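[1] Kindly return the folded structure for what I paste below:
(one chain, ligands or ions: 1)
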Amino acid sequence: MAKTKRVLVVGSGIGGATAAYTLRRAGLEVHCIDTKLSTPATGAGICLLHNTMRALAMVGLAEQCQESGLAFQVFKQHDAKGQLLVSNPAPPGCGMRRPELARILEGAAESAGAVLEKGLTVSDLVDRGQEVEVTLSDGRQMTYDLVVAADGAYSKLRDRVFGPEHKTRFAGQSAWRFNAPRPPEVDGFCLYRSADGRRTVGAIPTSKETCYLFFLESSKEHLHMPNDQLHVLLRERLEGFSAPVIQDSLAQVSGPDQVVFRPFDITLVPPPWHRGRVVLLGDAAHSPTPQMTSGGGMAIEDAVVLAESIATSAGIPDALAAYSTRRFERVKTVYDASLQLCKYEQDPVPQPQQAAALLLQTYQYLGQPM
Ligand SMILES: Cc1cc2nc3c(=O)[nH]c(=O)nc-3n(C[C@H](O)[C@H](O)[C@H](O)COP(=O)(O)OP(=O)(O)OC[C@H]3O[C@@H](n4cnc5c(N)ncnc54)[C@H](O)[C@@H]3O)c2cc1C
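    Numbering: from 1, shown residues only. So this is what the prediction gives:
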């Protein structure tokens, strides 16, 4: 009888936790490690588009996400005062709180039999061809048939195995994010634009009771904000937005720990996404700007496709080749569209019509089978 294959998943974020679950369901013995010490209890929201919900449904997790978040089917555009300008139907998506998504994905992986260990990383790794020898940061020496690098956009494993040339670069924008109680009008993907069209605030429901808001800031240089001043700096930036949804939400923000600031650092690794028996997944392989709200969705799709490839291929090398081949064009389409939208927003002359057309076209593309 063939020996059960052992996989190490490095990173238990959205991609890693989903992969730990899907690979376990595909019959592999799964060990998943993460440097963080516990499942995050705080964090902003996330929008799971129609294709992401379909991928989650394929592995039996969509319902839990929908129950914990809020499903929506509308895309609304407003001016900075909150006046509704356009309301369009959108493909059915779901907004939810990131800690809830983490709880569901990690819980599913553990219930399926994956072993998750926190506060742990890879100290050393040698690919011997038929197996990978790994030294963990607690000194344990392990061997695996496969190592999945799901350690995010700043992946150390990618640097080690693929070289430093795939490091992220700054895309010229950063996001400010914060949570708030949900007013009834935040019942879908809502955008609020300044009169000159160059500044955008967004709001997305994350449950019946909550929503999250984001503000995009353009800059030539990579911005570094003082962590203890985030709430003050956010307030300054949103002064021109008098929409009650925005100002009422902002009134709930009383300290810097309620604000998440993150520059958009992007990368797209060309295929194949494996070297020997080490394979990239999620942001480690492709970290897009968030305009298409799809980075997490692409990581979830990666995890579903990787498990399918392993289940249907003769061996791990064939499975890894099939995985990159199936994923690359789709991921590149989303990555390119996200970056183009990000550039439109930085353009001295805003391009709202082109941006809306590209968004719609890419939504439709995402509806195609992955
Ligand atoms: C402003 C913003 C808004 C976004 N909105 C959306 C959205 O609405 N919808 C959507 O689908 N996507 C969205 N995204 C993208 C999404 O957050 C990412 O694509 C997604 O988190 C990628 O998941 P991941 O598991 O690949 O990486 P991560 O979520 O970054 O997880 C990586 C994990 O690896 C761990 N790790 C790191 N280094 C090591 C190491 N050396 N050893 C062990 N563990 C390690 C980390 O602790 C972490 O838990 C957004 C991104 C941004 C910046």
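[2] For the rest of this, base every contact and every neighbour count on C-alpha atoms.
    OK.
[3] State the distance from the closest residue to residue 291 other than its chain neighbours to residue 316.
    What sits nearest to residue 291 in space, not counting adjacent residues and going by CA to CA, 6 or more residues apart in numbering, is residue 338, at 5.1 Å. Applying CA to CA, to the nearest Å, the value for residue 338 to residue 316 is 32 Å.
[4] still on that earlier bit, for the residue nearest to residue 291, give its distance to the ligand.
    11 Å (CA to the nearest ligand atom, to the nearest Å).
[5] Tell me the predicted confidence for that residue.
    As predicted, residue 338 sits at a pLDDT of 98.
[6] give me the number of residues near it?
    For residue 338, the count of nearby residues is 24 (other CA atoms under 10 Å).
[7] now that we're looking at residue 87, how far away is residue 115 from it?
    For residue 87 relative to residue 115 (CA to CA), the value is 45 Å.
[8] I should have written residue 41 there, sorry.
    20 Å.
[9] Looking at the two, which one has more neighbours?
    residue 115 (18 against 11).
[10] now the more buried one, nearest residue through space, not along the chain?
    Leaving out its chain neighbours, residue 115 is closest to residue 31 (CA to CA, 6+ apart), at 4.9 Å.
[11] does that neighbour count as helix, strand or coil?
    Three-state assignment for residue 31 (DSSP: H, G, I helix; E, B strand; the rest coil): strand.
[12] can you tell me which residues contact it?
    6, 7, 8, 9, 20, 114, 115, 116, 117 (CA atoms under 8 Å, 6 or more residues apart in numbering).
[13] Could you dump the residues you listed into TSV with pLDDT added?
    Listed next are the contacts of residue 31 as TSV, based on pLDDT from 0 to 100:
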residue	pLDDT
6	98
7	98
8	98
9	98
20	98
114	98
115	98
116	98
117	98
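[14] just these now: which is nearest the ligand?
    Nearest to the ligand among those is residue 9, at 8.7 Å by CA to the nearest ligand atom.
[15] Going along the chain, name the helices of the stretch 201-350 of the chain.
    Listed in chain order, the helices of the stretch 201-350 of the chain (DSSP state H, counting those that start in this stretch) span 230-237, 244-251, 295-312, 316-346.
[16] Give the closest residue to the residue positioned nearest the centre of the chain in space, chain neighbours not counted.
    The centroid of the chain falls nearest to residue 296 when counting by CA atoms, centre = their mean (2.5 Å). What sits nearest to residue 296 in space, not counting adjacent residues and going by CA to CA, 6+ apart, is residue 14, at 6.2 Å.
[17] residues near that neighbour, how many?
    The burial count for residue 14: 24, using other CA under 10 Å.
[18] separation between it and residue 79?
    33 Å.
[19] pLDDT-wise, which helix or strand of this structure ranks last?
    helix 352-366 (a mean of 90; mean pLDDT, DSSP states H and E).
[20] That helix - contacts with which helices or strands?
    On a contact count with 3 or more CA pairs under 8 Å, 6 or more residues apart in numbering; DSSP states H and E, helix 352-366 meets helix 316-346.
[21] what about 10 Å?
    helix 50-58, strand 84-97, helix 316-346 (3 or more CA pairs under 10 Å, 6 or more residues apart in numbering; DSSP states H and E).
[22] Pick out the shakiest of these, pLDDT-wise.
    Among those, strand 84-97 scores lowest, at a mean of 93.
[23] Nothing else from me, thank you.
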